[in-house]
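Enquirer: Structure of the sequence below:
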Amino acid sequence: MSFRNDLRFRASQAGATIVLAEGWDERVQDAVTTIEAAEMARVETLDRSVERDPRADDIVELLLGRRPDKVRDRAHAVELIRNPLLFAAGLVATGQADAAVAGAVHPTADVLRAALWAIGPAKGITTVSSAFYMTFTDPRFGVFSGSRAESEDRVITFTDSAVVPDPTAEQLAEIAAAAVHDRRLVVGDEPAVAFLSYSTKGSAAGSRVDKVREAVGLFRKLCPDVACDGELQGDAALVPDVAIRKAPGSPVGGRANILVFPDLDSGNIAYKLIQRLAGADAVGPVIQGLLKPMADLSRGATAQDIVDVAAVAVLQSKRSLQNVPRGEK
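Expert: The predicted structure is shown next:
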């Protein structure tokens with residue numbers, strides 16, 4: 001089964017409710033048709049300006065409590081939640097939906113602002129970031145030994161490729177921790193994290209190499225049970241023969257499935273080059289590090305892209321769904 005089909009099948013087992021904030025867009029409407037036909041989730045769509053809704057009072061109270069620095073009074077909160085992005089995020093935050101999807105029409109900054117205002121970051125996380133799940137079907141790219149069945153696609157997490165321009169060492173460590181959390185839910189294998197650099201294990205020096213090394217140490221404190229290494233060049237992270245020469249004894253050399261890029265330039269450029277030149281499918285951007293999931297779409301997303309991102313958002317909510325009886329969230 002392909003990674004995309006696997007995503008949709010596992011999402012259909014969650015019994016989740018998902019809200020698509022931009023219901024007027026034709027691609028969103030087509031995606032809803034596919035989601036409902038596959039029984040992937042219960043779906044709600046919103047209009048451009050959300051009218052009076054019996055659930056609005058809960059979201060107004062949420063905003064007044066969460067953002068007293070930004071929300072002047074109740075009338076201001078009522079006006080704010082006419083924005084479908086904020087209303088969708090509020091539905092997730094108040095437990096009236098399991099996940100939200102937006103960004104087909106609105107830029108990433110607007111989606112993130114709504115998510116941060118209404119939902120906020122997960123416990124212990126101060127940096128909300130993003131990832132792309134890069135899926136390779138070409139057999140030339142192989143499959144990581146022990147990660148997924150030989151007949152399945154090879155899936156590599158690229159993070160961060162859409163949100164944090166120049167992360168500090170602390171932010172890199174949090175970005176990696178969030179990617180580990182989500183990969184276990186979305187892909188279902190054991191993470192192997194490579195912190196990338198232009199240097200491999202001291203082959204070069206400089207402040208940017210030092211930042212990556214510091215991030216590795218901080219990550220090991222956050223996720224002591226996760227295999228990781230750095231600093232590694234891309235070939236040492238992905239190619240076993242190269243890893244033996246450049247990073248002998250590395251716990252992830254040649255088999256990394258999460259690539260942590262040192263900055264947004266490298267992460268964004270890399271995913272687009274791999275997508276266009278290697279023919280990889282890019283599922284994302286996936287927002288990671290939120291308390292509850294709200295997904296961001298590329299404004300160039302197709303209907304099928306929207307379906308896949310919705311499936312990821314459902315799986316991101318899976319952990320809480322497993323522990324909360326339906327109707328008592």
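
Enquirer: residues making contact with the strand or helix carrying residue 304?
Expert: Assigned by DSSP states H and E, residue 304 belongs to helix 303-316. Around helix 303-316, the neighbours that count as contacts under Cβ atoms under 8 Å, 6 or more residues apart in numbering are 4, 7-8, 10-11, 14, 16, 18, 20, 27-28, 30-31, 34-35, 40-41, 98-101, 104, 133, 182, 185-186, 283-284, 286, 288, 293-295, 297-298, 301. Quick note: C-beta positions are derived from backbone N, CA and C, even for glycine.

Enquirer: and it, which residues are buried?
Expert: Buried residues in helix 303-316, counted by 16 or more other Cβ atoms under 10 Å: 303, 305-316.

Enquirer: Kindly supply the PyMOL command isolating those of the contacts of helix 303-316 that are buried.
Expert: Selecting the buried subset of the contacts of helix 303-316 in PyMOL, with 16+ other Cβ under 10 Å as the burial test, is done by:
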select buried, resi 4+7+8+10+11+14+16+18+20+27+28+31+35+40+41+98+99+100+101+104+133+182+185+186+283+284+286+288+293+294+295+297+298+301
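
Enquirer: Just the ones in helices from the contacts of helix 303-316, please.
Expert: 4, 7-8, 10-11, 27-28, 30-31, 34-35, 182, 185-186 (DSSP state H).

Enquirer: Quick one: mean pLDDT over the helix holding residue 304.
Expert: For helix 303-316, mean pLDDT rounds to 94.

Enquirer: hang on, the earlier thing: show me the two of the buried residues of helix 303-316 that sit farthest apart.
Expert: Based on Cβ to Cβ, the longest span within these runs between 303 and 316 and measures 20.5 Å.

Enquirer: Grab the most central residue of this protein for me.
Expert: residue 286 (2.7 Å; Cα atoms, centre = their mean).

Enquirer: That residue is in contact with residue 182, isn't it?
Expert: Yes: at 6.7 Å, residue 286 and residue 182 qualify as touching, with contact defined as Cβ atoms under 8 Å.

Enquirer: any weak-confidence spans in the chain?
Expert: 1, 51, 138-152, 319-329 (pLDDT under 70).

Enquirer: quick one, strands of it?
Expert: 17-20, 42-45, 99-102, 129-136, 154-159, 192-196, 227-232, 258-260, 281-288, 294-296 (DSSP state E).

Enquirer: Name the nearest residue to residue 171, sequence neighbours excluded.
Expert: Here the nearest residue to residue 171 in space, its sequence neighbours aside, is residue 127; by Cβ to Cβ, 6 or more residues apart in numbering that works out to 4.5 Å.

Enquirer: before we move on, what about residue 163?
Expert: Closest to residue 163 by Cβ to Cβ, 6+ apart is residue 130, at 4.5 Å.

Enquirer: if I look at the one you found, how far off is residue 268?
Expert: 10 Å (Cβ to Cβ, to the nearest Å).

Enquirer: Now do the shared contacts for these two.
Expert: Joint contacts of residue 130 and residue 268 (Cβ under 8 Å, 6+ apart) are 161-162.

Enquirer: neighbour count winner among the two?
Expert: Neighbours were tallied for residue 130 and for residue 268 using other Cβ atoms under 10 Å; the higher tally belongs to residue 130 (27 against 20).

Enquirer: Is the more buried one in contact with residue 283, as I believe?
Expert: No: assessed by Cβ under 8 Å, residue 130 is found out of contact with residue 283, at 11.8 Å.

Enquirer: which stretches of the stretch 51-200 of the chain form helices?
Expert: Using DSSP state H, counting those that start in this stretch, the helices of the stretch 51-200 of the chain run over 56-66, 74-80, 84-93, 108-118, 169-186.

Enquirer: Let me have the ones you listed in JSON lines, extended by distance to residue 278.
Expert: JSON lines is the format used below for the helices of the stretch 51-200 of the chain (distance: least, Cβ to Cβ, whole Å):
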{"stretch": "helix 56-66", "distance to residue 278": "42"}
{"stretch": "helix 74-80", "distance to residue 278": "43"}
{"stretch": "helix 84-93", "distance to residue 278": "33"}
{"stretch": "helix 108-118", "distance to residue 278": "24"}
{"stretch": "helix 169-186", "distance to residue 278": "20"}
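
Enquirer: Tell me which of the ones you listed approaches residue 234 most closely.
Expert: helix 169-186 (15.9 Å).

Enquirer: So which elements touch that closest one?
Expert: strand 129-136, strand 154-159, strand 192-196, helix 207-222, strand 258-260, strand 281-288, helix 303-316 (3 or more Cβ pairs under 8 Å, 6 or more residues apart in numbering; DSSP states H and E).

Enquirer: one step back: could you export the strands of the chain as JSON lines, including distance to residue 207?
Expert: What follows is the strands of the chain, written out as JSON lines (distance: least, Cβ to Cβ, whole Å):
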{"stretch": "strand 17-20", "distance to residue 207": "43"}
{"stretch": "strand 42-45", "distance to residue 207": "48"}
{"stretch": "strand 99-102", "distance to residue 207": "37"}
{"stretch": "strand 129-136", "distance to residue 207": "22"}
{"stretch": "strand 154-159", "distance to residue 207": "21"}
{"stretch": "strand 192-196", "distance to residue 207": "15"}
{"stretch": "strand 227-232", "distance to residue 207": "12"}
{"stretch": "strand 258-260", "distance to residue 207": "17"}
{"stretch": "strand 281-288", "distance to residue 207": "26"}
{"stretch": "strand 294-296", "distance to residue 207": "31"}
